[in-house]
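> quick one, structure for this:
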Amino acid sequence: MLSPEATHTANADPGELGKFDRLAARFWDSHGEFRPLHLLNPVRAQYIAARTPLGGARVLDVGCGGGLLAEALAGAGARVTGIDLAPGMIEVARLHAAESKLAIDYRVAGAEELAAAAPGGFDAVACMEMLEHVPEPAAMVATLASLVRPGGALFVSTLNRNLRAFLAAIVAGEYLLRLLPRGTHEYERLIRPAELARFGRAAGLSLEDLRGIELNPFTSHATLTRDVAVNYLAHFSRGAAAR
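Okay, the predicted model is just below:
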């Protein structure tokens, strides 16, 4: 568990944490509030597996929620640690991993706390759909970078900030089709790819790839695309240490 001091210094919004913690019990319902994550998860896991070796790799899932991505990566052979500041999510993740007979190290912890304890401790770090929910996304990218070993990889997914993303993710996703609970996203917190790339450069990362994820709500089919106008994935690398 986080100490009170660590909780206060975490780059997190208590309102956002409470929003997701209240829904934790329904996380693994593939037809409930988290249905879009269930549909997107295979694409995200495949994207990571195609860009970094997972067999025996030390992988960290930051903002792991109930463990969707963590379980997929563990199933691919990675040694996975999952962290989240929502205790309810971590409880659900632990229970589901036990039922699935997967050895995943889940912790109620913030990325800052882990970065202080284990800098450069992971071959790959993943942070999916979290940056748009924290007060200081640039600082979070720097923290994530510090957790990656030299030569390792960081994978981030988030939402673009433009009219199309607003209409697709917020108006349609939350109000018309009700794929997500209303208020899940705040438009001003969404992040343009150029902004994310700038955060990465400032943290000593190189942007290796950007891909959009297209989710068809009517066919329940998700695919990778070159169009990053709405939901997108980024692959960063951390330069190898000088010899």
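
> what residues does the biggest helix by length in the chain touch?
As assigned by DSSP state H, the longest helix anywhere in the chain is helix 35-51. Residues from elsewhere that reach helix 35-51 (CB atoms under 8 Å, 6 or more residues apart in numbering): 29-30, 54, 65, 68-69, 72-73, 76, 124, 126, 128-129, 153, 155, 157, 173, 179-180, 208-209, 211, 213, 215, 220-224, 231, 233, 235. No exception for glycine: its C-beta is placed from N, CA and C like everyone else's.

> stretch 127-135 too?
11-13, 16, 37, 44, 61-63, 69, 111, 137, 140-141, 144, 154-159, 185-186, 189-191, 196.

> ok, now stretch 192-200?
Contacts for stretch 192-200 (CB under 8 Å, 6+ apart): 131, 137-138, 141-142, 145, 154, 156, 158, 160-162, 206-207, 210, 228, 232, 234, 236.

> who's the residue most central in space within the chain bridged to?
The chain has M128 as the residue nearest its centroid, 1.6 Å off, counting by CA atoms, centre = their mean. Beta-bridge partners for M128, by DSSP bridges, are S157.

> ranges for the helices of this structure?
Counting by DSSP H, the helices of the chain are 4-9, 14-21, 35-51, 68-75, 87-99, 111-117, 137-147, 163-165, 193-202.

> what does the shortest one contact?
The list of residues contacting helix 163-165 from outside it, by CB under 8 Å, 6+ apart, reads L159, L190, A229, V230, N231.

> what residues sit buried inside it?
By neighbour count with 16 or more other CB atoms under 10 Å, helix 163-165 contains the buried residues A165.

> in this structure, which helix or strand is least confident?
Every helix and strand of the chain was ranked by mean pLDDT, DSSP states H and E. The lowest is helix 4-9, at a mean of 41.

> how much space between V62 and G152?
Distance, V62 to G152, using CB to CB, to the nearest Å: 14 Å.

> can you flag which of the contacts of helix 163-165 belong to strands?
When DSSP state E is applied, the contacts of helix 163-165 are split such that L159, N231 fall in strands.

> any chance of the contacts of helix 163-165 in a markdown table, plus neighbour count?
Formatted as a markdown table, those follow (neighbours: other CB atoms under 10 Å):
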| residue | neighbour count |
| --- | --- |
| L159 | 24 |
| L190 | 21 |
| A229 | 16 |
| V230 | 21 |
| N231 | 25 |
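
> what's the most distant pair in the contacts of helix 163-165?
L190 and A229 (11.5 Å; CB to CB).

> and the pLDDT for G56?
We have a pLDDT of 98 for G56.

> my error: substitute P217 in the last question.
So, for P217, pLDDT stands at 73.

> K19 too?
66.

> quick revisit: buried ones among the contacts of stretch 127-135?
Buried among these (16+ other CB under 10 Å): 11-12, 16, 37, 44, 61-63, 69, 111, 137, 140-141, 144, 154-159, 185, 189-191, 196.

> low pLDDT regions in this structure?
Applying pLDDT under 70 to the chain flags residues 1-9, 19, 173-177, 179, 241-243.

> make it 90
1-26, 30-37, 162-189, 215-220, 239-243 (pLDDT under 90).

> in strands only, show me the contacts of helix 35-51.
Per DSSP E, those map to strands at 124, 126, 128, 153, 155, 157, 208-209, 211, 213, 215, 221-224, 231, 233, 235.

> could I have the buried ones of those as PyMOL selection syntax?
Applying 16+ other CB under 10 Å to the ones in strands among the contacts of helix 35-51 leaves a buried subset, and the PyMOL line that selects it is:
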select buried, resi 124+126+128+153+155+157+211+213+215+222+224+231+233+235
